[in-house]
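>>> 3D, please:
(4 chains, ligands or ions: 6)
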Amino acid sequence: MKKLINKPEDVVKEELEGLALAYPDMIKVHFDPNFVYRADAPVKGKVAVISGGGSGHEPMHGGFVGMGMLDAACPGQVFTSPTPDQMLEAAKTVHGGAGILYIVKNYSGDIMNFEMAADMARAEGIRVLSVIIDDDVAVKDSLYTQGRRGVGTTVLAEKIVGAAAEKGYELKRLAALCTKVNLNGRSMGMALTPCTVPMAGKPTFQLAEDEMEIGIGIHGEPGRERMKLKTADEITEMLALSIIDDPPYRRTHRIFDEEKGEWVDVDLESPPFKPGDKVLAFVNSMGGTPLIELPIIYRKLHEICNKKGLKIVRNLIGPYITSLEMQGCSITLLRMDEEMIELWDAPVRTPGLRWKA
Amino acid sequence: MKKLINKPEDVVKEELEGLALAYPDMIKVHFDPNFVYRADAPVKGKVAVISGGGSGHEPMHGGFVGMGMLDAACPGQVFTSPTPDQMLEAAKTVHGGAGILYIVKNYSGDIMNFEMAADMARAEGIRVLSVIIDDDVAVKDSLYTQGRRGVGTTVLAEKIVGAAAEKGYELKRLAALCTKVNLNGRSMGMALTPCTVPMAGKPTFQLAEDEMEIGIGIHGEPGRERMKLKTADEITEMLALSIIDDPPYRRTHRIFDEEKGEWVDVDLESPPFKPGDKVLAFVNSMGGTPLIELPIIYRKLHEICNKKGLKIVRNLIGPYITSLEMQGCSITLLRMDEEMIELWDAPVRTPGLRWKA
Amino acid sequence: MPITVEKVKEFLQRATEVLKENREYLTELDSAIGDADHGINMDRGFQAIMSRFPTFEGKDAGTILKTAGMALVSTVGGAGGPLYGTAFMQAGMALQGKYEFTLEDLVKALEAALKGIMNLGKSKPGEKTMIDAIAPAIEALKKALANGADPVKALEETTRAAEEGMKATIPMIAQKGRASYLGERSIGHQDPGATSSYLLFRTMLEIAQKQGS
Amino acid sequence: MPITVEKVKEFLQRATEVLKENREYLTELDSAIGDADHGINMDRGFQAIMSRFPTFEGKDAGTILKTAGMALVSTVGGAGGPLYGTAFMQAGMALQGKYEFTLEDLVKALEAALKGIMNLGKSKPGEKTMIDAIAPAIEALKKALANGADPVKALEETTRAAEEGMKATIPMIAQKGRASYLGERSIGHQDPGATSSYLLFRTMLEIAQKQGS
Ligand SMILES: Nc1ncnc2c1ncn2[C@@H]1O[C@H](COP(=O)(O)OP(=O)(O)O)[C@@H](O)[C@H]1O
Ligand SMILES: Nc1ncnc2c1ncn2[C@@H]1O[C@H](COP(=O)(O)OP(=O)(O)O)[C@@H](O)[C@H]1O
Ligand SMILES: [Mg+2]
Ligand SMILES: [Mg+2]
Ligand SMILES: [Mg+2]
Ligand SMILES: [Mg+2]
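Residues are numbered from 1 along each chain as shown, chains lettered A, B, ... in the order given. Ligands and ions are numbered 1, 2, ... in the order given. From the prediction side, this is the model:
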């Protein structure tokens, strides 16, 4: 294992220390429990948006804390969901009186820990809603699995919802917006190489020199299918068509019903893409892919979207939701409406995403 | 070789096609000869800033074209200097009537090709000055080598000089500013892994599982010294101290004397860092390093600068001048004065660097 | 002979050792069908329990187990953290106030733990999870007690059932947790959570055997 | 017997083949002490010369070599592009207007080429570059002609000197180009540029030998 680290067990702590030193004008860091939060928190009267998840996906989520995006991010150990006390303390720290929205990626660990945290926060009198992101079309059915994983759409949701919170959306409207983003986003990823969790010391899977994994998540876990290496154009086509031709996707989410005061199951459906749709196209590096390769992917994606009648109205290209040093990429398409476009364009100032501010 | 590419010989062309499709509001791309240029070029009355070099260092340089930074960038093949006709055509395209500044990294190939291009542009009646960036302290003497390579300071020079051009600096003042940036910047890099030029198909060097290369450039070439792997703190210390304790560095640059109408040799000296200096600290990923590792480096760098009496007033952390998928990092320290700080903070809007716009 | 609070503490100490010894093994299992952290997570969690040890002084078994559960919840993360955390907290609730308890009490505590896991994880036997080791182990314990087996004998059967349950996860298709994303490719691999559960039962037996001797 | 413009074209064609054959070899040499592109660069450059071939029809040797040099400058890049490009352009200038020329003219053309390289590269013999193959080759050619050697014999000695010069780069410390950054570590490796220069001289000989037969 070759890494620019000191002791494997100190990676997350030292990363957070570095973040705090580097961006004091944007963020602060709390240790034990660990969370990153806006330097100007709490912002009075604004809903606070909090996300979190395992570390190793930088810049997500800690790099997305700041004006126009997250109020706080709770990093777990590498690829391990954070614990409820992190989310609880973060909520207490950034709560500006207008409630908290948790944005949760659909992994059993994240779901359970965030649910516990939400219950604990509510017990302390803080209004909390959570929205689950589950956009990974590599997971086909929701009946015999945990359902689809939360991947690329998470980044886009954090930007759009963060902008809306900044604009003054109240909690329920914000949760509805976040759900809309989730239902309209779809992603799929692939890997050319595995990655190594510092504490584990060796790669989570092995790939031969002529093999790749299709349908990977973001935790260095193996994908759905292993196949012979293909060209960038073929890979882009596989990912893009899996996304564009994905049928309506139904699943049940457990959400908190504030009227009833309890968790209830709701059925949700993601409508498929159709010609005429406006989309945001997000080409993401898994972390170790040379940046010269991303425009090559984008070029083909653009051609495919054109052919399928999808109009790319915005894009994002770069390493934003990564798996350590994994080589590979993921594609996310998010159907956009005017509200989402306007929120996407709004100023943002975080260590990992910044414009107009 | 595992890459997200189609044919190795098409990598640069397809990357440029993708860039053009992705950022039509910022840049345009010209093919045969290849160059990336500002969508709103030529900007009347503004000095046009042009850089260029081999590809494989993305986002540099093509990703730094846009408002507040470069007017054009000329990408060569991967790790191969561009040809004079690229720089000449780029100059003719973006020339706004106030002359051209070429920012050239100190590699024999880049120097020769840019010199030829400058002569050709002058022959066509365009005023051209060039400034050479040579900031790599891994190269000790300038007497028995090509002198120091141009590395991290290039990115900072392009930002600062780009902002000054935007503000209306005239050509000579701009060249003087660029020289000031170069004389006050120092860098050093290291690699944990090599990288593979697509056309070559195999890594340029081999490293054992417990080895690293110190003092590498950015072209996948071996470094000055191979040694046993060390911790992030030890590596940071080695790089930072090589930079901070570097003695005055003298060398001769060939620059164009407009009065005499010919190339003349000038002696230049970089003053060493001293306690009380304000610096910009730039922690750069060589491309394949997980982003979680960069703040770990920054954390130690911050501590060392403190100890040495250097005050970090600005920073830049991320993959900005890369060597394909190489794992490793480089550190650049740039002594800042008020003029440079103000120019650094000025709005910039390019695919690879963006704020306040 | 009742189970004393001292045995509970001994169990937690020994389990910490056992999980440390099996850290690489569990992580290896998790790397085949998960994200290569289960051993690291469990080790971190039990280290945290050990750091709370001074506060156990004079406390009842229920309080100790609840504290242990809270330590797991707040240090493990992932799926394992809330699940094992809830399990220990629920077991603690069932043994609230007790400084000594019987094997029948243990059954109640284990049943509460299992129910906690199933509620939180929305899971049931047959989905290739820790439940596949825990559920049959509880059944075996109940059966042994009904048949009048002595404590060590009963825990031997419990452990054997946990082991069989753990091995039975090998041919299963995972339907919960990360492994479920692998679909058919999860077949042929033993579930890491079922394995750590088996190790905990084996440790229980080990403590009982010492007591016996 | 004079050298005709047809022989110049034959030389360029054959050199293109030779460089293609040695593409991996030159790149390999460049990967040891440079950036692993010299073979790729030279191949790309000579392919570009070939694509200009139709325009050579009816042109004199000087024009052809200048066109070849410009093709190299505008397609090779790196250090090799401007250096070889300038060399061919300077040689072309020396042979301006000639459809036939003597070995004495060739010496003048090669001297002009070498001077062009040294001016642009600010380099001299002994710095582990292409100059270390070219300079001794020219010396050998002059000496052979002074001694009255026949053309093939003279070019044999030229090629031998180029080869020796190329090999002599092995123990040198590089002082120009990328290899110079390696310092002492550049010792023991043959310079790629000196190698491509040797290959060009060898090709010249090959053409002369064909002519002789
Ligand atoms: N919904 C669930 N119900 C019961 N057990 C589960 C569930 N999800 C995961 N598990 C168990 O958790 C184990 C994985 O734990 P761990 O590796 O610590 O968490 P993570 O999967 O978040 O990395 C699995 O092997 C499985 O036994
Ligand atoms: N200043 C120089 N003068 C003469 N020859 C040089 C000089 N710099 C480099 N060379 C030659 O160029 C060769 C490298 O060419 P090439 O690999 O095409 O360019 P680059 O080094 O830019 O990748 C070296 O092997 C050396 O022979
Ligand atoms: Mg995990
Ligand atoms: Mg090169
Ligand atoms: Mg796991
Ligand atoms: Mg080279």
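
>>> burial measure for A:Met112, as a count.
Residues near A:Met112, counting by other CB atoms under 10 Å in any protein chain shown, number 26. C-beta coordinates here come from the backbone N, C-alpha and C atoms, glycine included.

>>> what distance do you get for it to chain D?
Using CB to the nearest CB, to the nearest Å, A:Met112 is found at 50 Å from chain D.

>>> hmm, the helix or strand harbouring that residue touching ligand 1?
Element membership for A:Met112 (DSSP states H and E) is helix A:108-123. Yes: against ligand 1, helix A:108-123 shows contacts by CB under 6 Å from any ligand atom at A:108-109.

>>> now for that helix, which elements pack on it?
If contacts are counted by 3 or more CB pairs under 8 Å, 6 or more residues apart in numbering or on different chains; DSSP states H and E, helix A:108-123 sits against strand A:48-55, helix A:84-94, strand A:100-105, strand A:128-133, strand A:249-257, helix C:80-94, helix C:103-121.

>>> mind running it again at 7 Å?
Where contact means 3 or more CB pairs under 7 Å, 6 or more residues apart in numbering or on different chains; DSSP states H and E, helix A:108-123 is packed against helix A:84-94, strand A:100-105, strand A:128-133, helix C:80-94.

>>> would you turn the ones you listed into a markdown table with distance to ligand 4, mean pLDDT and mean neighbour count?
Shown next, in a markdown table, are those (distance: least, CB to the ion, whole Å; pLDDT from 0 to 100; neighbours: other CB atoms under 10 Å in any protein chain shown):
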| stretch | distance to ligand 4 | mean pLDDT | mean neighbour count |
| --- | --- | --- | --- |
| helix A:84-94 | 49 | 97 | 24 |
| strand A:100-105 | 43 | 98 | 28 |
| strand A:128-133 | 44 | 98 | 24 |
| helix C:80-94 | 51 | 97 | 26 |
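
>>> distance to A:Ser242 added to those, as CSV?
Output for the helices and strands packed on helix A:108-123, formatted as CSV (distance: least, CB to CB, whole Å):
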stretch, distance to A:Ser242
helix A:84-94, 32
strand A:100-105, 19
strand A:128-133, 18
helix C:80-94, 31
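
>>> which of the ones you listed sits closest to ligand 1?
helix C:80-94 (2.7 Å; CB to the nearest ligand atom).

>>> hmm, that closest one in reach of chain A?
Yes: Helix C:80-94 comes into contact with chain A (CB under 7 Å from any CB of the partner chain), by way of C:81-82.

>>> output the contacting helices and strands for the very next helix or strand once past that helix.
With elements assigned by DSSP H and E, the helix or strand that comes after helix C:80-94 is strand C:100-101. Packing contacts for strand C:100-101, counted by 3+ CB pairs under 7 Å, 6+ apart, involve strand C:3-4.

>>> and the contacts of the helix or strand just after the strand it packs on?
Per DSSP H and E, strand C:3-4 leads on to helix C:5-21 as the next helix or strand towards the C-terminus. If you take CB atoms under 7 Å, 6 or more residues apart in numbering or on different chains as the criterion, helix C:5-21 is touched by C:42-43, C:46-47, C:49-50, C:56, C:60-61, C:64-65, C:68, C:99, C:196, C:199-200, C:203-204, C:206-207, C:211.

>>> repeat the analysis, applying 6 Å as the threshold.
C:42-43, C:46, C:49-50, C:61, C:64, C:99, C:199-200, C:203, C:207 (CB atoms under 6 Å, 6 or more residues apart in numbering or on different chains).

>>> stretch A:82-102 too?
A:33-35, A:37, A:41-50, A:52, A:71-72, A:74, A:76, A:113-114, A:116-117, A:120-121, A:126-130, A:171, A:174-175, C:74, C:77.

>>> follow-up on the earlier one: nearest to B:Glu259, out of the helices and strands packed on helix A:108-123?
Each of these was scored for nearness to B:Glu259 using CB to CB, and the closest is helix A:84-94 (61.6 Å).

>>> related to what we said a few turns ago, which ChimeraX command selects the buried ones in the contacts of helix C:5-21?
Applying 16 or more other CB atoms under 10 Å in any protein chain shown to the contacts of helix C:5-21, the buried members can be selected in ChimeraX as follows:
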select /C:42,43,46,49,61,64,199,200,203,207
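
>>> would you enumerate the residues in contact with the residue nearest to A:Met238 when sequence neighbours are not counted?
Using CB to CB, 6 or more residues apart in numbering or on different chains and skipping the chain neighbours, the partner closest in space to A:Met238 is A:Ile214 (6.5 Å). Residues near A:Ile214 by CB under 6 Å, 6+ apart: A:190, A:223, A:225.

>>> no further questions, thank you.
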